[in-house]
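Student: test case, fold it:
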Amino acid sequence: HWRFHELGFNCYDSPDSMGNPVLLDEEFRQALNWAIDRQKIVDVAFFGQADVGSTLIVPYSPYHWEPPADRAYKYDPESAKTQLDEAGYEDADGDGFRETKDGKPLSLRLFVTNDSPENQTAAKLIAGWFKDVGLKVTLRVVDAGVLLDAQYNYKGDTYAPDYDMYIWDFWGYADPGDTLSSFTTDQIEWWNDPCWSNAEFDRLAKEQYGEMDPAARLDMIHRMQQI
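Tutor: Presented below is the predicted three-dimensional model:
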């Protein structure tokens, strides 16, 4: 087992979701990745006692796929600003914060649990970096039960996740297929906390369990990480 710390976005593509709909925009989510200094988080929040990750499989795993340099996210706030501008999220009224594509105020909630000083430090850094690229973020330090209630919120019997972003720990499995399969569509309302969904990822997750050729299975595991 290993432990990694994840910044999750509410990607639940349903009218019942109570997350900010801007997070359904892949270009918006990609832009935020350029605004995060991962090495700074390792150095400050974890006193250097961690590794910078790039996929859901830890970098020292033999199943890890490392993005090539021209595709890997790095700390580049100017690229984040440019991508947000090009995606239509501009500061039209000049107040220092960006608006939605239709000019409405844009504010995001970031949850972090009170049982992890490391995650709280990371959350403060991330909230500051997001502010630097023009995003208004409300940071909430909460009990784990509060975050669980938000992630698994229901309106009656209807699933309605009530959060925008969160930072939490995830314990990976010895088998990479198990780790990655925690984020398939059928795991929404279960292990798939960000409610992310991708049809090709789902297909590969099922196929890799039945693939007996180690090299072929490794290709599938790599492809899932690429997605």
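
Student: list the contacts for Thr113?
Tutor: Neighbour list for Thr113: Asn119, Val141, Val142, Asp143, Ala144, Leu147, Trp168 [criterion: Cβ atoms under 8 Å, 6 or more residues apart in numbering]. Where you see a C-beta, it was placed from the backbone N, CA and C, and this is true even at glycine.

Student: and these as TSV, adding distance to Phe183?
Tutor: Formatted as TSV, the contacts of Thr113 follow (distance: Cβ to Cβ, whole Å):
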residue	distance to Phe183
Asn119	19
Val141	25
Val142	23
Asp143	25
Ala144	20
Leu147	18
Trp168	14
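
Student: what about those residues, which are in helices?
Tutor: Under the assignment DSSP state H, the contacts of Thr113 contribute Asn119, Ala144, Leu147 to helices.

Student: buried subset of those residues, written for PyMOL?
Tutor: Selection of buried members from the ones in helices among the contacts of Thr113 for PyMOL, criterion 16 or more other Cβ atoms under 10 Å:
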select buried, resi 119+147
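
Student: make TSV out of the ones in helices among the contacts of Thr113 and add distance to Asn10 and pLDDT.
Tutor: Listed next are the ones in helices among the contacts of Thr113 as TSV, based on distance: Cβ to Cβ, whole Å; pLDDT from 0 to 100:
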residue	distance to Asn10	pLDDT
Asn119	18	96
Ala144	18	96
Leu147	12	97
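
Student: export the ones in helices among the contacts of Thr113 to TSV and tack on distance to Pro77?
Tutor: Converted to TSV, the ones in helices among the contacts of Thr113 look like this (distance: Cβ to Cβ, whole Å):
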residue	distance to Pro77
Asn119	22
Ala144	31
Leu147	27
